[in-house]
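*Asks:* Structure here, sequence nowhere to be found:
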């Protein structure tokens, strides 16, 4: 007899209540954002999954696809105060992190630290690839450790801290590629395709009218934190985690289990953060399906956006025109 899957700790009624609460908030927020961002349902679903899983999000699309608007709607819907940073070549790390300022007063001069926008719970980093590598690197510690270090002092960030960055893939002049260490800290890279002709008219009517398009959030200050905590409670069986680990390991060309096509076409595959992202996003999908345990179909859903920005192709891969779809197909065929 097959044993039933493990469930969230606590009595059955409380487990069901947590799952129901999560699904209600998730569905409510998706519907509200879809009313403002038309034709991008998959991107909205993936973006919310990333934030609920506690990750950072990279939105990629040509101008006019709604990247910045989606980031604004996520901030409004989640009820999180946001700090918006418009990346430009002359932006400095101090413009993001803050700086110590000399203040004169009746009792003498004193040095006071003035916090930058990174101390908001949610950061919208618009056109992040326009910032210099030095400025981009100012986000590394914050995105990984939830803190910043300035002048030898450590400053913790908000428990809900997340970065939503946008990037335009077609502009090259005045831009700087994101280094691998920076890209790896984003849980997902979500693509926003140009809207279809049938959607353009709806967008025009929505954006040229006189109605207020702001999303009214029903989230209380601790709601988002509680939803993230619920995600962490989902049970992931060792056998499922091991299968996901083998899948990620096979994406690295130096791994003995990598198939020949991966060794030929990739220079760099997924690592530990990719596996963490697969499991955490899979837990979100499990809750969306009304389950308290992880299934293979859960972690497999967002493989492409989780792996896409972590891949570095060899010359052979570029000549073949390989992309993340080809990599996922090769891994699925090789790893059972």
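*Replies:* Thanks, I have it. Only a predicted model underlies this, so the values are computations on that prediction, with no experimental measurement involved.
*Asks:* Give the bridge partners for the residue nearest the centre of the chain, please.
*Replies:* Taking C-alpha atoms, centre = their mean, the centroid of the chain lies closest to residue 57, which sits 2.4 Å from it. Counting by DSSP bridges, residue 57 is bridged to residue 164, residue 188.
*Asks:* Also residue 99?
*Replies:* Note on residue 99: beta-bridge partners residue 114, judged by DSSP bridges.
*Asks:* Near it, how many other residues are there?
*Replies:* Neighbours of residue 99 under the rule other C-beta atoms under 10 Å: 15. (C-beta placed from N, C-alpha, C; glycine too.)
*Asks:* Could you give me the buried positions within the top helix by length along the chain?
*Replies:* What stands out as the longest helix in the chain, according to DSSP state H, is helix 12-34. Using 16 or more other C-beta atoms under 10 Å as the test for burial, helix 12-34 gives 15, 18, 19, 22, 25, 26, 29, 30, 32, 33.
*Asks:* so the third one makes contact with residue 289?
*Replies:* No. Between residue 19 and residue 289 there is no contact, the gap being 9.4 Å when judged by C-beta atoms under 8 Å.
*Asks:* ok so, going back, may I see the buried residues of the next helix or strand along the chain from the longest helix of the chain?
*Replies:* Per DSSP states H and E, the first helix or strand lying C-terminal to helix 12-34 is helix 41-52. Across helix 41-52, burial judged by 16+ other C-beta under 10 Å covers 43, 44, 45, 46, 47, 48, 49, 50, 51, 52.
*Asks:* just these now: which is nearest residue 242?
*Replies:* Residue 242 has its nearest neighbour among the buried residues of helix 41-52 in residue 49, at 22.6 Å by C-beta to C-beta.
*Asks:* circling back to that earlier point, double-check the residue nearest to the centre of the chain against residue 163; I have them as touching.
*Replies:* Yes. Between residue 57 and residue 163 there is a contact under C-beta under 8 Å: 7.2 Å.
*Asks:* Show the residue spans covered by the strands in the protein.
*Replies:* Secondary structure of the chain (DSSP state E): strands at 57-60, 82-86, 98-105, 108-115, 122-126, 147-150, 153-156, 162-167, 188-191, 266-268, 312-313.
*Asks:* Might you list the low-confidence residue ranges for this protein?
*Replies:* 1-13, 210-221 (pLDDT under 70).
*Asks:* what do you get if the cut-off is 80, keeping everything else the same?
*Replies:* The chain contains residues with pLDDT under 80 at 1-13, 100, 102, 104-111, 151, 171-174, 206-207, 209-222, 336.
*Asks:* Would you map out the domains in it?
*Replies:* 9-207+220-233, 234-336 (automatic domain parsing).
*Asks:* First-to-last residue distance for the last one?
*Replies:* What that stands for is domain 234-336. Start and end residues of domain 234-336 are separated by 24 Å (C-alpha to C-alpha, to the nearest Å).
*Asks:* wait, what's in contact with the residue nearest to the centre of the chain?
*Replies:* Counting by C-beta atoms under 8 Å, 6 or more residues apart in numbering, residue 57 makes contact with 47, 50, 51, 162, 163, 164, 165, 186, 187, 188, 190.
*Asks:* Just the buried subset of the residues you listed, please.
*Replies:* 47, 50, 51, 162, 163, 164, 165, 186, 187, 188, 190.
*Asks:* got the contact list for the residue lying closest to the fifth one once chain neighbours are set aside?
*Replies:* Excluding its sequence neighbours, the residue lying closest to residue 163 (C-beta to C-beta, 6 or more residues apart in numbering) is residue 56, at 4.3 Å. Counting by C-beta under 8 Å, 6+ apart, residue 56 touches 50, 143, 162, 163, 164, 165, 185, 186, 187.
*Asks:* can you check residue 48 too?
*Replies:* By C-beta under 8 Å, 6+ apart, residue 48 lies in contact with 26, 29, 30, 33, 74.
*Asks:* Pick the one among these closest to residue 95.
*Replies:* Closest approach to residue 95 among the contacts of residue 48 (C-beta to C-beta): residue 74, at 22.8 Å.
*Asks:* That closest one and residue 41, how far apart?
*Replies:* From residue 74 over to residue 41 the distance is 14 Å, taken as C-beta to C-beta, to the nearest Å.
*Asks:* Stretch 172-186: end-to-end distance?
*Replies:* One end of stretch 172-186 to the other measures 21 Å (C-alpha to C-alpha).
*Asks:* For residue 190, give its distance to residue 171.
*Replies:* Counting by C-beta to C-beta, the gap from residue 190 to residue 171 is 19 Å.
*Asks:* Sorry, wrong one. I was asking about residue 273.
*Replies:* Residue 273 is 27 Å from residue 171, by C-beta to C-beta.
*Asks:* Give me the more crowded residue out of the two.
*Replies:* residue 273 (17 against 13).
*Asks:* Excluding sequence neighbours, find me the nearest residue to that one.
*Replies:* Spatial nearest neighbour of residue 273, chain neighbours left out: residue 184 (5.3 Å); criterion: C-beta to C-beta, 6+ apart.
*Asks:* list the contacts for that neighbour?
*Replies:* 271, 273, 274, 310.
*Asks:* which one among those gets closest to residue 87?
*Replies:* Distances from residue 87 to those, taken as C-beta to C-beta, are shortest for residue 310 (21.3 Å).
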